[in-house]
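Trainee: Provided below are the primary sequence and the corresponding predicted coordinates.
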Amino acid sequence: MKQITIEGKLRTTGRKADVNSVRRSQRVPCVLYGQGVENISFSIDAKELKTITDTPYSHIINLNIEGTGHLAVLHDVQYHPVTDEASHVDFLAVSETKPVVINVPIKITGNSEGVKQGGKLLVSARKLRVSGLIENLPDELVVDITTLQLGKQIAAGDLNYEGIQIVSPKSTIICAVRMTRAVVVDDSAAAATTAAPQA
């Protein structure tokens, strides 16, 4: 999985004025926490934050907080109800030696047999939650639908990837090929032709 470096500045806490001052300077208040790490309050540039929030991909983040480095993942983002700008961010500290749980986007490849027969591909999930060591985490989960037939579906429980474990519910539907009205009509017409009496 790709890693990205974000620069942070320590901030004072306890007063609303301190938070407002951070936001006026086009920075976003943040907190880093996790096992083995004391909570660290800091801020990052609002534009820099968008490099990890305005993308379908997840990242391992190298937080450089005034010279001290921390590995982390984006845990939660709160948005202003009117401006829709990020107002607060939680980062979760992670380790290279312990499994990390993170969302990974799905990439669907192949041309389904069911679609070739006139079916319609419906995609229900864009990401899955996985667990694995940082070195094993992929940028995306490739799902090949080449053999997917009409009326069939692929669920999280059908997938298996080396080095990681899918922790999303096994029943999570990734995609399915549904029969369209045109296919139903064609099948009905074919059945009628077959059943018609011969002259």
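Mentor: Cool, got the structure. Residues are numbered from 1 along each chain as shown.

Trainee: CA only for contacts and neighbour counts going forward, please
Mentor: Fine.

Trainee: quick check: longest strand in this structure by residues?
Mentor: Criterion DSSP state E: the longest strand present in the chain is strand 68-79.

Trainee: ok, and what's touching that one?
Mentor: The contact list for strand 68-79 (Cα atoms under 8 Å, 6 or more residues apart in numbering) reads 32, 59-64, 85-95, 102.

Trainee: change it to 7 Å
Mentor: The contact list for strand 68-79, computed with Cα atoms under 7 Å, 6 or more residues apart in numbering, reads 59-64, 85-95.

Trainee: show me which of those residues are buried.
Mentor: For those, a burial check counting by 16 or more other Cα atoms under 10 Å picks out 59-63, 86-94.

Trainee: with just CA atoms, put the longest strand of the chain into PDB.
Mentor: This file holds the C-alpha atoms of strand 68-79, laid out as PDB (Å, rounded to 0.1, in the frame of the first residue of the first chain):
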ATOM      1  CA  THR A  68       8.900  13.200  15.200                       C
ATOM      2  CA  GLY A  69       7.600  10.500  12.900                       C
ATOM      3  CA  HIS A  70       4.500   8.300  13.500                       C
ATOM      4  CA  LEU A  71       3.000   5.700  11.200                       C
ATOM      5  CA  ALA A  72      -0.800   6.100  11.100                       C
ATOM      6  CA  VAL A  73      -4.000   5.500   9.200                       C
ATOM      7  CA  LEU A  74      -6.900   7.900   8.800                       C
ATOM      8  CA  HIS A  75      -9.500   6.800  11.300                       C
ATOM      9  CA  ASP A  76     -12.300   9.400  11.300                       C
ATOM     10  CA  VAL A  77     -13.000  12.800   9.700                       C
ATOM     11  CA  GLN A  78     -15.700  15.200  10.900                       C
ATOM     12  CA  TYR A  79     -17.100  17.800   8.500                       C
END
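
Trainee: so what strands line up beside the helix or strand following it?
Mentor: Going down the chain from strand 68-79, the next helix or strand is strand 86-93, by DSSP states H and E. Paired with strand 86-93 in the same sheet, following DSSP bridges, are strand 27-34 (parallel), strand 68-79 (antiparallel).
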